[in-house]
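**Student:** Sequence and predicted model, in that order:
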Amino acid sequence: MSLFFVITLLPFFFLPFTHIPIENAKGALLVVGLVFSVIFWSLARFFDGKINLPRSASLLGGVGVVLAVLLSALFVKSSEVSFFGTMFDIGSFWFIFAGFLLMLMCSIVFRDQKSARVILFGAILSSAALLFFQCIHLFKPELSLGVLDPTLKTSNLLGSWNELGIFAGFSALMSLLMVEFFSTTKIEKLILHILIVLSMFLIAAVNFSFVWGLFGISALIIFVYKISISSREKVAEGAINIVNTSSEKARFPVLSFTIIMIALLFFMSGQFIGGALPKSLGIQNDEVSISLGATMGITKSVLEDNLLLGIGPNKFAEAWAMYKPLGVNAPINGSLWSIYVNYGSGLLPTLVATTGYAGIIAWLIFFALLIISGVKSIFTSIKNGINWETMAFFVLSLYLFVSSFFYSTGPVTFLLALAFAGVFAGLSASNSQNGEITLEFLNDHRKSFFSMLFIVLLIITSAAISFKYIERLASVPYFQKALTAATVPDALAAIGKALNLYPNDLYLRTYSQIQFVKLNSLVQKKETELSKTDKADIKTSIEQAVLGANEAVKYNPKNYLNFQALGSLYETLGVFGDKTAYQSAIEAYKTAATLNPNNPALKLSMATASFADKKNTEAKNYLKAALTLKPDYVDAWLVLSQIAKSEGDGGSALSYAQTALSIIPDNQNLIKYVDSLKNQSSGSASVPPLTTTTSDPTPKIKDTSIKKK
């Protein structure tokens, strides 16, 4: 029962009134559901005295993936990042382990057609509820019960807007399979038709051409499959119609054919037809994406660094920062160069990118075994005309896995893919001879002792892991509260509780930034207004801010954001009067630049710190390095202009400012700055100071690391 709730509730599950992000809430559902299912399954083994496991090659391949990811996580630095991440990250070992454990438990529990149909109907109902809720949000955002952002129509319960389109295709595919291959009443068939229409409406609203292509190909496979069955029925005169369980011959699959035509129309028309509905609904979807070629380039660089085990799971962001191509800085790529990217072109390429050849081979073996088993089941179904559930679960899991390969899906798509693959493995094993491995242990006292010991340890371990996870999950509301706190004392109290529950570099950076906000508020006071307590607080805030930033560096010395935050902290201390802090800031920025060599913003930060430290020559060298990486970097041209102005070189200052203006000609502040430089050159006015657009060294409470979604 717990597994049924995990699968059916996963798409729209959230924890209201807890300040826990939806993605973290889904992780909690997975962990709690798995723990209950493992404990109850283990207790049941006490009474029946035997363990039945499906004999499945795909399950064995899954064990290989888990072992490869475990080895990669064990033999890397900053292993905590690889094992758990910030909060049960989708690329971490524990998430991969939980996903394949879900697959295993589904194969054990759902091994007959009846239970498989229950899962399928439950998934259809949950998808219907989710899609109906999203439609309400599209037309009446104020009725989304505070769960979704009422100002953002693309806000949804799955993650990205494109993933909602993928899930809508998955929902339509489930309904199509039920209509074409299963015996249903007229009312059920009508409901399924309505769900297909609703799903295709949302696919059109999302307007993700990949979904139309994948959904159309899936419908084409179903169409050909249905035609093949009809051909066999025509040859076998008088045979019972096994699809409709009646003597009526199979009809032409009109629904599948219609869907193929509609998908082809939207796929081929591009924005001409596909963009009409999103435009009418006022939907704007701007997602940052990385090409498959760039992702493969990152993988190749990781393999050169560590051939067998890579740099460790859940470290794609570090690999991207280290090895990203210089072409990312081109204007055509927008702000991709400055974003902390932790996903590649797709989820599966991201997962294999950092685990070396061990991970790549393990994943390839897993998918090869799964596809071979699935193709065999399809041809068996065509030949014998039985067990459509096996075929349906394979097709649905394959749809989700293909989606995860070509798009960076979130946890829902990936977990459902593994769950449906597990149900497929269980059904396949139950339909084949010698499809189960049975271990009986009550008839032998030695087997009984060790088996009972194993079961007890399994229960204890499951409970311990769940308690540890819940402890870390409890830190999330405190962290969210720290980000939204109205006062600094409230923010410090909240982030302190979060760190007590789960210390990690994100929390530590935030702690450092909050301490610095407190310091900033104190130094704004006049010297005569400062009490002894205030002066002591200034010293304490400086020490704690530096401590937090340094602890973040110790936690993960491979994350350039930790060194960038440390450098920003020292740079601002220099602004407050500690002139020795500038050199420390430059050293921290240099370390960050070694971890992210093609990021011009780090060169700019070194330049601003050097300029503030009166080292103009070094500052100009850093700026030239930044402009070599990104010639259209406006902030670098502006700092060059300011340096030239400070040296009395008005001509160069004007030239640099005009270059910046040629890049963003509509910027009013920059236009005024250029005009004032021209006036100064004619001796009619002074030049007002102009700050750069992105290089504010003062730390903010909001962390700079973001996900690509």
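**Tutor:** Thanks, I have the structure now.
**Student:** And the helices in the stretch 101-250 of the chain?
**Tutor:** 113-139, 161-181, 186-206, 209-235 (DSSP state H, counting those that start in this stretch).
**Student:** any idea which of these is most buried?
**Tutor:** Across these, averaging neighbours per residue (mean count of other Cβ atoms under 10 Å) puts helix 161-181 on top, at a mean of 25. For glycine as for every other residue, the C-beta is placed from the backbone atoms N, C-alpha and C.
**Student:** before we move on, back to that, using TSV, lay out the helices of the stretch 101-250 of the chain together with mean pLDDT and distance to Leu661.
**Tutor:** Listed next are the helices of the stretch 101-250 of the chain as TSV, based on pLDDT from 0 to 100; distance: least, Cβ to Cβ, whole Å:
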stretch	mean pLDDT	distance to Leu661
helix 113-139	91	41
helix 161-181	94	35
helix 186-206	94	39
helix 209-235	82	38
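**Student:** sec struct for Leu86, please.
**Tutor:** Actually, residue 86 is Thr rather than Leu. At Thr86 the chain is in coil, as set by DSSP: H, G, I helix; E, B strand; the rest coil.
**Student:** Tell me where the model's unsure across the stretch 551-700 of the chain.
**Tutor:** In the predicted model of the stretch 551-700 of the chain, residues 682-700 satisfy pLDDT under 70.
**Student:** in it, which spans are helices?
**Tutor:** So, for the stretch 551-700 of the chain - with DSSP H, counting those that start in this stretch - the helices run 560-575, 581-595, 600-612, 616-629, 634-646, 650-663, 668-681.
**Student:** try the stretch 301-450 of the chain
**Tutor:** All helices of the stretch 301-450 of the chain, identified by DSSP H, counting those that start in this stretch, fall at 316-323, 347-353, 356-384, 388-406, 411-430, 445-473.
**Student:** Adding mean neighbour count, write the helices of the stretch 551-700 of the chain out as JSON lines.
**Tutor:** Listed next are the helices of the stretch 551-700 of the chain as JSON lines, based on neighbours: other Cβ atoms under 10 Å:
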{"stretch": "helix 560-575", "mean neighbour count": "24"}
{"stretch": "helix 581-595", "mean neighbour count": "21"}
{"stretch": "helix 600-612", "mean neighbour count": "25"}
{"stretch": "helix 616-629", "mean neighbour count": "19"}
{"stretch": "helix 634-646", "mean neighbour count": "23"}
{"stretch": "helix 650-663", "mean neighbour count": "18"}
{"stretch": "helix 668-681", "mean neighbour count": "16"}
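**Student:** With distance to Val38 added, can I get those helices in CSV?
**Tutor:** Output for the helices of the stretch 551-700 of the chain, formatted as CSV (distance: least, Cβ to Cβ, whole Å):
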stretch, distance to Val38
helix 560-575, 36
helix 581-595, 39
helix 600-612, 46
helix 616-629, 50
helix 634-646, 53
helix 650-663, 58
helix 668-681, 60
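**Student:** quick one: which of the ones you listed is nearest Arg117?
**Tutor:** Evaluated over the helices of the stretch 551-700 of the chain, closeness to Arg117 peaks at helix 560-575, with 48.3 Å, by Cβ to Cβ.
**Student:** For that closest one, output the C-alpha coordinates as PDB.
**Tutor:** The C-alpha atoms that make up helix 560-575 are tabulated as PDB, following Å, rounded to 0.1, in the frame of the first residue of the first chain:
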ATOM      1  CA  TYR A 560      34.100  27.900  -6.800                       C
ATOM      2  CA  LEU A 561      31.100  29.600  -5.200                       C
ATOM      3  CA  ASN A 562      32.600  29.000  -1.700                       C
ATOM      4  CA  PHE A 563      35.800  30.800  -2.700                       C
ATOM      5  CA  GLN A 564      33.900  33.500  -4.600                       C
ATOM      6  CA  ALA A 565      31.900  34.200  -1.400                       C
ATOM      7  CA  LEU A 566      35.100  34.300   0.700                       C
ATOM      8  CA  GLY A 567      36.700  36.700  -1.800                       C
ATOM      9  CA  SER A 568      33.600  38.900  -1.800                       C
ATOM     10  CA  LEU A 569      33.600  39.000   2.000                       C
ATOM     11  CA  TYR A 570      37.300  40.100   2.200                       C
ATOM     12  CA  GLU A 571      36.800  42.700  -0.600                       C
ATOM     13  CA  THR A 572      34.000  44.300   1.400                       C
ATOM     14  CA  LEU A 573      36.100  44.200   4.500                       C
ATOM     15  CA  GLY A 574      38.600  46.200   2.600                       C
ATOM     16  CA  VAL A 575      35.900  48.700   1.700                       C
END
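**Student:** Between helix 316-323 and that helix, find me the angle.
**Tutor:** On the basis of axes from the mean of the first three to the mean of the last three Cα atoms, to 10 degrees, helix 560-575 is oriented at 70 degrees to helix 316-323.
**Student:** name the helices or strands packed onto helix 560-575?
**Tutor:** helix 505-523, helix 532-555, helix 581-595, helix 600-612 (3 or more Cβ pairs under 8 Å, 6 or more residues apart in numbering; DSSP states H and E).
**Student:** so which of the ones you listed gets nearest Met322?
**Tutor:** helix 581-595 (6.1 Å).
**Student:** Please list the outside residues in contact with the closest one.
**Tutor:** 318, 321-322, 558-561, 563-564, 566-571, 573-574, 599, 602-603, 605-606, 609-610, 612-613 (Cβ atoms under 8 Å, 6 or more residues apart in numbering).
**Student:** which ones are touching the spatially most central residue of the chain?
**Tutor:** Closest residue to the average C-alpha location of the chain: Gly410 at 4.9 Å, with Cα atoms, centre = their mean. Listed by Cβ under 8 Å, 6+ apart, the contact partners of Gly410 are Glu23, Ile90, Leu158, Gly159, Ser160, Glu163, Lys709.
**Student:** same check, this time on Ala294
**Tutor:** Residues in contact with Ala294 (Cβ under 8 Å, 6+ apart) are Lys324, Pro325, Val328, Gly344, Ser345.
**Student:** Which one of these is nearest to Leu519?
**Tutor:** Lys324 (34.1 Å).
**Student:** Could you measure from the residue nearest to that closest one when sequence neighbours are not counted over to Leu326?
**Tutor:** Closest residue to Lys324 apart from its sequence neighbours, by Cβ to Cβ, 6 or more residues apart in numbering: Asn598 at 5.8 Å. Distance, Asn598 to Leu326, by Cβ to Cβ, to the nearest Å: 5 Å.
**Student:** again, but for Ser301
**Tutor:** Distance of Ser301 to Leu326, computed by Cβ to Cβ: 13 Å.
**Student:** More neighbours: which of these two?
**Tutor:** Ser301 (17 against 12; other Cβ atoms under 10 Å).
**Student:** rewinding a little: so for Ile39, which of the helices of the stretch 551-700 of the chain sits nearest?
**Tutor:** helix 560-575 (38.6 Å).
**Student:** Now do that closest one: distance to the chain's middle.
**Tutor:** 28 Å (Cα atoms, centre = their mean, to the nearest Å).
**Student:** That helix to helix 505-523, inter-axis angle?
**Tutor:** Computed by the same axes, to 10 degrees, the angle between helix 560-575 and helix 505-523 is 10 degrees.
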